[in-house]
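Undergrad: turn this into a structure:
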Amino acid sequence: MAVTDDRTFAGSIAEIYDRYLVPLIFDSYALDLASRLAEANPLEVLETAAGTGVLTRAIASRLPADARIVATDLNQPMLDRAKGRQSQNGRIEWKQADALALPFENQSFDVVACQFGVMFFPEKVQGYREAWRVLKPGGRFHFNVWDRISENEFADTVTEALAAVFPHDPPRFLARTPHGYHDVECIRAELNAAGFSDLSVDAVDHRSKASSPHDPAIAYCQGTPLRSEIEARDASRLRDATEKAAEALASRFGSRHIEGRIRAFVITAIR
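TA: The predicted structure is shown next:
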């Protein structure tokens, strides 16, 4: 079995992720999470696993001019892409950091936010403990996670298509990591173990839309660590795997403008 690191977004992945995947599945949830966050009128905001900055941009558009945002990510190429899109916004500090070992003082922030990042934490409770530690008393931890892959139709279709391309060792990144942490009771228990007791969970549905089946095929196969899984099996087949994913999407959703269901859980925990 080929082994890859699910947390590494390197090389051209950051650019493809930002161009294709962000509008496909992340924009609508960023607007939702930023609206929830803004209700508390925070002045000191920490974002972990900021990626290419889709949530950062949404937060910045909703907070007053005196609010400060520290946006962090484990992968510097993702932060470079994010900073390049908002380099003129002096309220935002971009900092490479591990969400499991945050380089900030205790009780430094009013809000900690994490958009579809906790699934990548190798130790979930430790990541939650760090969020709890850096929050001020009464501070809020806002994050979201994808529901199971069967409830997210494009990702499910791509995963099934690639299983046919590599039948003896199917790439399972999407099911294993982005869509592998959807047990709400488990999430509640791990937040409780980290110190959070006051929390709420909402299921939020959206429609993922694309101008053609090729866009989500490229987004998933080349703009996520799924690419590394494909290349670890046979680097020469990346284009072929992407085409097979596009064909499967076209077969299920049509050959032109397509859309499919996406579903996530949005969690708010108060320190």
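Undergrad: keeping just the C-alphas, turn stretch 248-262 into PDB.
TA: Presented in PDB, the C-alpha positions along stretch 248-262 are these (Å, rounded to 0.1, in the frame of the first residue of the first chain):
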ATOM      1  CA  ALA A 248     -17.800   9.400 -13.700                       C
ATOM      2  CA  LEU A 249     -19.000  12.900 -12.700                       C
ATOM      3  CA  ALA A 250     -20.500  13.500 -16.100                       C
ATOM      4  CA  SER A 251     -22.200  10.100 -16.100                       C
ATOM      5  CA  ARG A 252     -23.900  10.900 -12.700                       C
ATOM      6  CA  PHE A 253     -24.500  14.700 -13.000                       C
ATOM      7  CA  GLY A 254     -24.400  15.600 -16.700                       C
ATOM      8  CA  SER A 255     -21.800  16.900 -19.100                       C
ATOM      9  CA  ARG A 256     -22.200  20.700 -18.700                       C
ATOM     10  CA  HIS A 257     -23.100  22.700 -15.600                       C
ATOM     11  CA  ILE A 258     -23.400  20.300 -12.700                       C
ATOM     12  CA  GLU A 259     -24.300  20.400  -9.100                       C
ATOM     13  CA  GLY A 260     -24.300  18.000  -6.100                       C
ATOM     14  CA  ARG A 261     -25.200  17.900  -2.500                       C
ATOM     15  CA  ILE A 262     -22.600  18.800   0.200                       C
END
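Undergrad: buried ones in that stretch, by neighbour count?
TA: 248-250, 252-253, 258, 260, 262 (16 or more other Cβ atoms under 10 Å). Using the backbone N, CA and C atoms, a C-beta is placed for each residue, glycine as well.
Undergrad: these in helices, which ones?
TA: 248-250, 252-253 (DSSP state H).
Undergrad: can you list the low-confidence ranges for this structure?
TA: Filtered on pLDDT under 70, the chain yields the residue ranges 1-11, 87.
Undergrad: residue ranges for the strands of it, please.
TA: 44-48, 68-73, 92-96, 109-115, 135-146, 198-210, 258-270 (DSSP state E).
Undergrad: helices or strands next to the third one in the packing?
TA: Taking 3 or more Cβ pairs under 8 Å, 6 or more residues apart in numbering; DSSP states H and E as the contact definition, the neighbouring helices and strands of strand 92-96 are strand 68-73, helix 76-85.
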